[in-house]
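Asks: below: sequence and its predicted model.
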Amino acid sequence: MRSARRYHERFRALIEEGQRTGVFTKETPADLVVDYHFGSIHHLSTWYRPDGPLSPQEVADHLADLLLRALRP
């Protein structure tokens, strides 16, 4: 198994564990959260521009916030 796939599977397992224990909401399936999050990360190079309106830190902050919003109970 590719290392990226193992990483995604581990990330999914962490989300599922958090959902089972009540740390994360079960409203959004773990598979969808993982696919959405990594899809956005993997495609940064297609839309992010250093001279654009957002700094790398701002992009990271927004993406982290989107991820956490999908998981908050």
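Replies: Structure received.
Asks: flag the shaky bits of the protein, pLDDT-wise.
Replies: Residue ranges of the chain with pLDDT under 70: 1.
Asks: repeat the analysis, applying 90 as the threshold.
Replies: Residues of the chain meeting the criterion pLDDT under 90: 1-5, 7.
Asks: please, where are all the strands along it?
Replies: Counting by DSSP state E, the chain has no strands to list.
Asks: can you pull up the most central residue in it?
Replies: His37 (2.9 Å; Cα atoms, centre = their mean).
Asks: what sits against that one?
Replies: 11, 63, 66-67, 70 (Cβ atoms under 8 Å, 6 or more residues apart in numbering). Where C-beta positions appear, they are placed from N, C-alpha and C, glycine not excepted.
Asks: tell me how many other residues crowd Val34.
Replies: Val34 has 19 neighbouring residues, counting by other Cβ atoms under 10 Å.
Asks: I'd say it and Ile15 touch.
Replies: Yes. Counting by Cβ atoms under 8 Å, Val34 touches Ile15, with 6.6 Å between them.
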